[in-house]
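Chemist: Using only what follows, build the 3D model:
(one chain, ligands or ions: 3)
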Amino acid sequence: MCGIVGIAGKSAVNQSLYDALTVLQHRGQDAAGIVTCQGDRLFLRKDNGMVRDVFHTRHMTRLAGNYGIGHVRYPTAGSSSSAEAQPFYVNSPYGITLAHNGNLTNANDIAEDLFRTDLRHINTDSDSEVLLNVFAHELQAQGKLRPNEDDIFQAVQGVHRRCKGAYGVVAMITGYGLVGFRDPHGIRPVAFGERDTPDGKEYIIASESVAITALGFHTVRDLAPGEAIFINDNGQMFTRQCADNPQYAPCIFEYVYFARPDSTIDNISVYKARMRMGEKLANKIRRVMGENHDIDVVMPIPDTSRTAAIELANKLNVKYREGFMKNRYIGRTFIMPGQSQRKKSVRQKLNPIELEFKGKNVLLVDDSIVRGTTCREIIQMARDAGALKVYFASAAPPVKYPNVYGIDMPAKTELIAHGRTEQEVCDLIGADGLIYQDLDDLIASAREGNPEITEFDCSVFNGEYVTGDIDEDYLDRLAASRNDSAQRKKNNPGQGGAPTIVDLPNDLQVELPI
Ligand SMILES: O=P(O)(O)OC[C@H]1O[C@H](OP(=O)(O)OP(=O)(O)O)[C@H](O)[C@@H]1O
Ligand SMILES: NC(=O)CC[C@H](N)C(=O)O
Ligand SMILES: [Mg+2]
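Modeler: Ligands and ions are numbered 1, 2, ... in the order given. A predicted model of the protein is given here:
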C-alpha cells in the first residue's frame, strides 16, 4: 500500500505535506517524496527511506510553493530503486507530477501501447509511471494551451477507459492546479477536506481521513469510485464522476490491517469495524470451543490487532493483557521487503513479559495471518515464556490468494493458508488451537458501518477479483516476477537482476542523491 497526499494552499505547503506523510507512514516505509510548485517551477525531493530520513531541513526549505503532492511507497511493481520513488514527473504537457496508491493490472499492455501508438518513453518498470503517461497523453489529446476543469475530467475519463486495476491518485498540473481521482471500483481509498484561512479556502486530498484531520482540515467526504476532484490555480474546487459504470468495491484489507484505526474510509470507522471483528470472532470462539473453554487470558499482537483483541476479550469475559511489548522504533514488519528482514524484525520488535505467560492458557489475537512470519515466532516466544497452552485467533479469514491491487502478496505459495486446511496451518504455526474469522462476519463487520456498500474486494480471501480481468496466467506471471527470490534479484543487480535504473530528475531534484 502507499500513502498519497496533495494540498492546494494559500501559503507554503511543504511542512503540511511532510506532516501528512508522517501520518501516512504506516502505508509505506520504503520511499518518500514531495513535489511542490511555485509559479511555473517544480521542486522535488524523493528517495528511499522513511519520511524522517528523506527530508532534512535543507530539503524542506527548498520545497517552495503553495501547491504540492507527496507519497510514501510500499512497492508492488517494478523494483525498490530510488528512481521509482514517487511522485513521478513528465514534462509534457504542462509538466505533470503524480503519486499513486494501488496497482495497474494491465500496465504491461499499456506500456506497449504508450510506446507504439502514443510515442512515449517509459524509463522504469513502475506501473505508476505508466499511469502518469496515460494521464498526460489523455490531457495532451485535449489540445489546449490552458486546460480547464472539463479538459482535466475528460483526461481522467480517458484514464478510466485505458487503465485496469486499483488506483488512488493525486497529480499536479504545473501552473493549473491539483487533481485527485479514484478507480471505478473505489478499491483504494481517497478522501478530501478543506479549511478556511483569512486568504480563502485550502484543500487537501489524501489516502486516509486521519491525514486530513491531523492537519487541522475537516473531512468533506470520500471520493466516489471513478470520481475526480480538481482545484484550479485560483483555488476553485470542482468534482465530477468520470467513470461510465462505477461500482463500489473497496478493499476490505484496509479495515483489517492497512488503515489507521483513527481513519474513516467510505463512511466506515476503521476503529469500529475492528471492534466488530473482535466481537464476531469472540462469538465464533464460543461456538468452536464452547462456554467451558480453558482460556485464561487474551493478548493482542501489537499493534494492529489491539482494537479487535480488546473487544474479543470483553465479549468472552476473559482478562485482556498486553503480554508483548513492541519496540516503538521498529516499523511494520509485513510491509518490509524480503522474508529474512521480516522474520528478524518480529523478534526485534516484540518481546514477552514473562509473568503474563507463566502457567497460563493464552489466546493470542492478530488481525490476520498472511505468510505466518509473525505468528510462528510469537507462539514460540509465548511457549518459551512459560505458557501452558497457546491458542491463536485471526480477526480475518485465511489469506489464500494473491493480491493484485496494491498489497505486495504476489505469490500464493508464500501464503501460509494457501492449499492447507486450518488444522494444517495450526500444526505448522505450532498452536494448540487456531480460530479464523468467517468471511461473512468480516464483511458484516465493515458493512455495518455503511450498509450502502454492498460489495468489497475480498480477493485475498475468496480469489474473486472485482475488476474481472485476472486469470491464472496473470497470477502465474505476477508470481514469477515478484516472488521473494525474484525481488531479491531485481533489487540486487549483482545477482543477475536488471541494471539499476538511472534516475532522470532533470532539474526538479532539490538535491541530487549523494
Ligand atoms: O503472517 P504475517 O506475514 O506475519 O503477516 C501478518 C502480520 O503482519 C502485520 O503486522 P505488522 O508488524 O506489519 O504491523 P502492525 O505493527 O501494525 O501490527 C499484521 O498485523 C500481522 O501481525
Ligand atoms: N502499494 C502501492 O500502492 C504501490 C504503488 C505502485 N504500484 C508502486 O509500486 O510504486
Ligand atoms: Mg501485526
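
Chemist: what about stretch 255-273 and ligand 1, any contact?
Modeler: Yes. Stretch 255-273 comes into contact with ligand 1 (Cβ under 6 Å from any ligand atom), by way of Y257. To be clear about C-beta, it is placed using only N, CA and C from the backbone, and glycine gets the same treatment.

Chemist: S305 contacts F392, doesn't it?
Modeler: No. Using Cβ atoms under 8 Å, S305 is not in contact with F392; the gap is 10.9 Å.

Chemist: longest helix anywhere in the chain?
Modeler: Of all segments of type helix in the chain, defined using DSSP state H, the longest is helix 270-289.

Chemist: Break the chain into its domains for me.
Modeler: Following the TED database, one finds the domains of the chain at 3-247, 272-326+347-447.

Chemist: Overlap in contacts, S305 and F392.
Modeler: Residues touching both S305 and F392 (Cβ atoms under 8 Å, 6 or more residues apart in numbering) are 365-366.

Chemist: Compare the domains of the chain and give me the one nearest I335.
Modeler: Nearest to I335 among these is domain 3-247 (4.9 Å), distances taken as Cβ to Cβ.

Chemist: In contact with T264, which residues are there?
Modeler: Applying Cβ under 8 Å, 6+ apart, the residues contacting T264 are 209, 219, 270.

Chemist: same thing but 7 Å
Modeler: T264 sits next to 209, 270 when contact means Cβ atoms under 7 Å, 6 or more residues apart in numbering.

Chemist: Phi first, then psi, for it.
Modeler: With angles defined as degrees, to the nearest 10, T264 sits at phi -120, psi 120.

Chemist: Next: K46.
Modeler: According to degrees, to the nearest 10, K46 has phi -150, psi 150.

Chemist: Repeat that for A107.
Modeler: With angles defined as degrees, to the nearest 10, A107 sits at phi -60, psi -40.

Chemist: ok, now G68?
Modeler: Backbone torsions of G68, given as degrees, to the nearest 10, read phi -170, psi 170.

Chemist: so how far is the helix or strand immediately after the longest helix of the chain in the chain off the chain centroid?
Modeler: Next along the chain after helix 270-289, taking DSSP states H and E as the criterion, comes strand 297-300. Strand 297-300 sits 27 Å away from the centroid of its parent chain (Cα atoms, centre = their mean, to the nearest Å).

Chemist: Neighbouring strands of strand 297-300 in the sheet, and parallel or not?
Modeler: Note on strand 297-300: by DSSP bridges, its sheet partners are strand 319-320 (parallel), strand 361-366 (parallel).

Chemist: Please identify the most buried of these.
Modeler: Sort those by mean neighbour count, taking mean count of other Cβ atoms under 10 Å, and strand 361-366 sits at the top with a mean of 25.

Chemist: Show me the contact partners of that one.
Modeler: 294-301, 305, 308-309, 312, 323, 374-375, 378-379, 382, 387-395.

Chemist: which one in the protein is furthest away from the centre?
Modeler: N292 (40.2 Å; Cα atoms, centre = their mean).

Chemist: can the strands paired with strand 297-300 go into JSON lines with extra columns for distance to R58?
Modeler: Converted to JSON lines, these look like this (distance: least, Cβ to Cβ, whole Å):
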{"stretch": "strand 319-320", "distance to R58": "47"}
{"stretch": "strand 361-366", "distance to R58": "41"}
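
Chemist: As JSON lines, those with distance to E422 and mean pLDDT would be great.
Modeler: JSON lines is the format used below for the strands paired with strand 297-300 (distance: least, Cβ to Cβ, whole Å; pLDDT from 0 to 100):
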{"stretch": "strand 319-320", "distance to E422": "25", "mean pLDDT": "98"}
{"stretch": "strand 361-366", "distance to E422": "15", "mean pLDDT": "98"}
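
Chemist: Tell me which of the ones you listed sits nearest to V13.
Modeler: In terms of Cβ to Cβ, the element of the strands paired with strand 297-300 nearest to V13 is strand 361-366, at 37.8 Å.

Chemist: wait, what's in contact with the residue of the stretch 101-250 of the chain found nearest ligand 2?
Modeler: Among all residues of the stretch 101-250 of the chain, N101 sits closest to ligand 2, at 4.1 Å; criterion: Cβ to the nearest ligand atom. N101 is in contact with 1-4, 168, 188, 207, 406, counting by Cβ under 7 Å, 6+ apart.

Chemist: Counting neighbours, which of those comes out on top?
Modeler: In terms of neighbours by other Cβ atoms under 10 Å, those top out with I4 at 35 neighbours.

Chemist: Tell me the spacing between that residue and P189.
Modeler: 10 Å (Cβ to Cβ, to the nearest Å).

Chemist: Listing request: residues of the stretch 351-500 of the chain with sub-threshold pLDDT.
Modeler: Applying pLDDT under 70 to the stretch 351-500 of the chain picks out residues 489-500.

Chemist: Do a quick rundown of the helices in it.
Modeler: 373-384, 422-429, 439-447, 459-462, 472-482, 484-491 (DSSP state H, counting those that start in this stretch).

Chemist: I appreciate the help and will end here.
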